[in-house]
Structure formats: C-alpha cells, structure tokens
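Colleague: okay, predicted coordinates and the sequence, questions at the end:
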Amino acid sequence: MDALAFLQRKTVPKHTFYVLSGEEDFLKRRVREKLLSALLTPEELDLAPVVLSGDQLDYSTLCNELDTLPFLTSCRVVVVENADSFITAHRSALEQLAAHPPRINVLIVEVKTFPETTRLAKALPDTARVLCKAPASYRLPAWCIEWAEHRYGKKLAPEAAELLVDQAGSTLGVLDQELAKVATAVGSAERIRVEDVQRYVCRSRAADVFRILEAIGAGNSTEALSILEELFTEGEDPLAILAPLSAQLRKLAAVARHVAAGKSLAAAMDAAGIPSWPKARQNAEQQLRHLGRRRLDRMVNWLAELNAGLKGGDPLPERVQLERFIVQLARPRN
C-alpha cells in the first residue's frame with residue numbers, strides 16, 4: 001500500500017505485523033506516528049513503544065519482546081529500524097511469524113527494500129505493507145497540494161505548489177516544513193497563494209541554480225558568475241551545485257529532442273517534466289532560444305564531462321571548471 005494513501009485513510013487497518021519499506025524516511029516517520037496513534041492512547045505513547053536496531057538484533061531478543069505482556073498499556077509495540085540485514089538473516093523465522101502473528105503485541109519493521117515477490121511479503125496483507133517512496137519529481141507539486149489539504153487543511157494553488165518545489169527543492173521533509181511555515185503565516189486564510197510562497201518560503205540551492213539559469217537564458221554571464229560566486233562563498237560544494245543545474249539542463253535537452261521529433265513545444269515541455277506554471281515555461285523557452293539546438297544536442301555529453309572533471313578527471317580547480325561551463329552556456333550562440 002502506498003504511504004500517501006495510508007496516511008490519508010481515516011481509519012488504520014488493524015494488524016499485528018507491519019512492514020514499512022522504501023527510501024523516504026519522512027514518510028516512514030509519518031506512517032509510524034499514525035500507527036502508534038491508532039494503536040495506543042496518548043498516555044501510552046511514552047510507555048509502550050520499544051525501538052530496536054535491526055543491524056544489532058538477534059531473533060531471540062525480538063521474540064522475548066513480542067512475548068512480554070504489556071504493562072499499564074493495551075499492547076506493546078516493537079519497532080525494528082534498519083531491518084534489511086535482520087530480515088535476510090531470519091527470513092524463515094519471520095515467515096512463520098507472519099503466518100502466526102502476535103495475538104496482542106504489534107511488530108513494526110522498517111526496511112529500505114521489501115520485494116513483493118517474496119514469501120514473507122505475500123504472507124502479509126496489502127494494508128500491512130506500506131511503501132514509503134517519494135513521488136517522482138514531476139508529481140511533487142501534486143503531492144504538495146494533497147499534503148497541504150490533508151496535513152494543514154489549506155488549499156494550495158497549483159501555481160503556488162510549482163513555485164514551492166522550485167524554491168524549496170524536492171526533499172519531502174523540507175517541503176513539509178515550508179508548508180507548515182506558510183500555513184501558520186496565512187492564519188485563517190483557506191488558500192495558500194503564489195504571493196504567500198514568495199513571501200515566506202526560503203530559497204534553496206536549487207532556487208539559486210534557477211537564478212543562474214535565468215541569467216544564462218538572458219545571456220548575462222556576469223550575473224550568472226556572480227550568483228555562482230555567492231554559492232562558493234557560502235561554502236557550497238561544486239558537485240552539489242552541479243546536481244540541480246544538470247537536472248534542469250537535461251530537461252532542456254530533452255525538450256529539444258522532443259521538438260526535433262515533431263512534438264509541439266508545449267507537449268515537449270510536458271514530456272520533459274518542465275513545470276507548467278507560466279514563469280517556469282517562459283524561462284525555459286528563453287533558455288531554449290538562447291542555447292540553441294547545437295548546444296542542446298551536446299548538453300548531455302558536456303554534463304558527463306563536467307561531472308567527471310569535478311570528480312578528479314580535470315586538473316583545473318573545481319570552481320574554475322564550473323565557471324568555464326557557465327560562460328560557455330551564457331555566451332551568444334554562433
């Protein structure tokens with residue numbers, strides 16, 4: 001079951017063995033909180049949960065915890081974190097446990113991967129297997145809209161959601177923090193508008209990179225290098241700057257390929273994952289016009305070369321490599 005669908009349920013399916021899988025720790029924390037709140041009263045939350053580390057756990061210890069009767073609580077909840085290696089070492093025993101789960105106490109296992117094709121996964125109901133996976137980048141604005149409504153009772157305008165992702169980046173925990181801040185700031189207002197995001201959301205490294213791209217699209221190498229210098233002064237790592245820069249440039253290169261294949265510009269931008277709010281489309285169109293087909297055709301190779309250079313493949317200092325690349329993009333096309 002998807003974590004977002006699980007979190008939006010009004011009632012929590014009652015089981016005594018749950019597995020939370022996936023790379024997104026923010027969603028795992030929210031799902032665990034929802035489970036504990038459903039299983040325990042507020043007074044019991046400080047008494048019942050037992051948290052164990054899977055990489056230091058033996059199966060007999062887990063059994064002892066699950067067999068111990070609850071004291072002053074309705075049940076004991078045993079949480080096993082980082083349990084990938086634990087499952088690998090004790091898969092057969094856990095399959096037996098899934099077939100004959102605890103009668104009173106509850107086990108919550110957190111792992112990075114949990115293939116649905118295994119016997120252990122098939123032994124658990126779908127609602128006991130919660131996949132905590134971040135949405136694809138193009139779905140993040142939609143996730144923000146759903147999360148603002150579900151968590152904070154606010155209607156987030158689609159354009160505001162696009163801007164929020166551009167400003168705050170793609171980390172769910174950061175997006176949640178920014179939504180919480182804006183929801184508090186707008187008070188009793190039912191909607192969060194673009195103006196609210198502009199006023200209250202801090203710019204991320206990705207937002208600064210978008211400023212660099214705006215300067216490139218305008219052919220203003222001086223402005224682009226000035227923003228890059230700000231990031232260097234703040235101690236940003238060149239590879240960390242390259243990541244969001246590379247992501248956007250690859251999207252622009254993809255737009256060029258789709259247009260060359262016969263798609264309209266709007267359809268090409270949709271296919272490449274360019275945000276749909278007007279300013280994002282206008283900036284992308286300007287950057288496409290400035291860079292031109294010849295540079296866009298070579299972009300993927302240039303990015304691969306720069307990535308290799310920043311990782312030691314080029315004797316030039318890292319900041320010089322990035323500066324040279326920015327100038328190469330910002331200068332007028334031939």
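Modeller: That came in fine, so what should we check first? What you see is a predicted model; the values in this text were computed from it and never measured.

Colleague: wasn't R289 part of a helix?
Modeller: Yes - under DSSP: H, G, I helix; E, B strand; the rest coil, R289 sits within a helix.

Colleague: three-state assignment of F86?
Modeller: Criterion first, three-state DSSP; result for F86: helix.

Colleague: what's around the nearest residue to it once chain neighbours are set aside, how many residues?
Modeller: Nearest residue to F86, sequence neighbours excluded (C-beta to C-beta, 6 or more residues apart in numbering): G54, at 3.8 Å. Where C-beta positions appear, they are placed from N, C-alpha and C, glycine not excepted. Close neighbours of G54, defined as other C-beta atoms under 10 Å, add up to 21.

Colleague: wait, what's in contact with G54?
Modeller: By C-beta atoms under 8 Å, 6 or more residues apart in numbering, G54 lies in contact with 80-87, 109-111.

Colleague: any figure for the gap between F232 and R191?
Modeller: 39 Å (C-beta to C-beta, to the nearest Å).

Colleague: meant to ask about A272, not that
Modeller: Distance, A272 to R191, by C-beta to C-beta: 29 Å.

Colleague: so for these two, which sits in the more crowded spot?
Modeller: A direct count of neighbours by other C-beta under 10 Å for A272 and R191 places A272 higher, at 20 against 12.

Colleague: that one and A247 touch, don't they?
Modeller: No - under the criterion of C-beta atoms under 8 Å, A272 makes no contact with A247, lying 10.9 Å away.

Colleague: can you list the domains in the chain?
Modeller: Using automatic domain parsing, the domain ranges for the chain come out as 3-131, 137-200, 205-330.

Colleague: for the ones you listed, give me CSV that also has mean pLDDT.
Modeller: Conversion of those to CSV gives the following (pLDDT from 0 to 100):
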stretch, mean pLDDT
domain 3-131, 88
domain 137-200, 88
domain 205-330, 90
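
Colleague: chain neighbours aside, what residue packs nearest to the most centrally placed residue in the chain?
Modeller: Ranked by distance to the mean C-alpha position of the chain (C-alpha atoms, centre = their mean), the top residue is T171 at 4.0 Å. Residue nearest to T171 in three dimensions, not counting chain neighbours: F26, with 7.7 Å by C-beta to C-beta, 6+ apart.

Colleague: gap between the one you found and S170?
Modeller: Relative to S170, and taking C-beta to C-beta, F26 is found at 12 Å.

Colleague: for A128, same thing?
Modeller: From A128 across to S170, the span is 29 Å (C-beta to C-beta).

Colleague: what's the answer for S53, then?
Modeller: 29 Å.

Colleague: can you check R191 too?
Modeller: For R191 relative to S170 (C-beta to C-beta), the value is 23 Å.

Colleague: hey, where'd the helices end up in the stretch 151-300 of the chain?
Modeller: With helices called from DSSP state H, counting those that start in this stretch, the stretch 151-300 of the chain shows them at 158-168, 172-185, 194-200, 205-217, 221-233, 238-260, 265-272, 278-308.

Colleague: would you reformat the ones you listed as a markdown table and include distance to F6?
Modeller: Supplementary listing: the helices of the stretch 151-300 of the chain in a markdown table, determined by distance: least, C-beta to C-beta, whole Å:
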| stretch | distance to F6 |
| --- | --- |
| helix 158-168 | 22 |
| helix 172-185 | 15 |
| helix 194-200 | 27 |
| helix 205-217 | 28 |
| helix 221-233 | 38 |
| helix 238-260 | 29 |
| helix 265-272 | 30 |
| helix 278-308 | 31 |
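
Colleague: L7 is nearest to which of the ones you listed?
Modeller: L7 sits nearest to helix 172-185 of all these, at 11.6 Å, using C-beta to C-beta.

Colleague: between helix 158-168 and the closest one, find me the angle.
Modeller: 120 degrees (axes from the mean of the first three to the mean of the last three C-alpha atoms, to 10 degrees).
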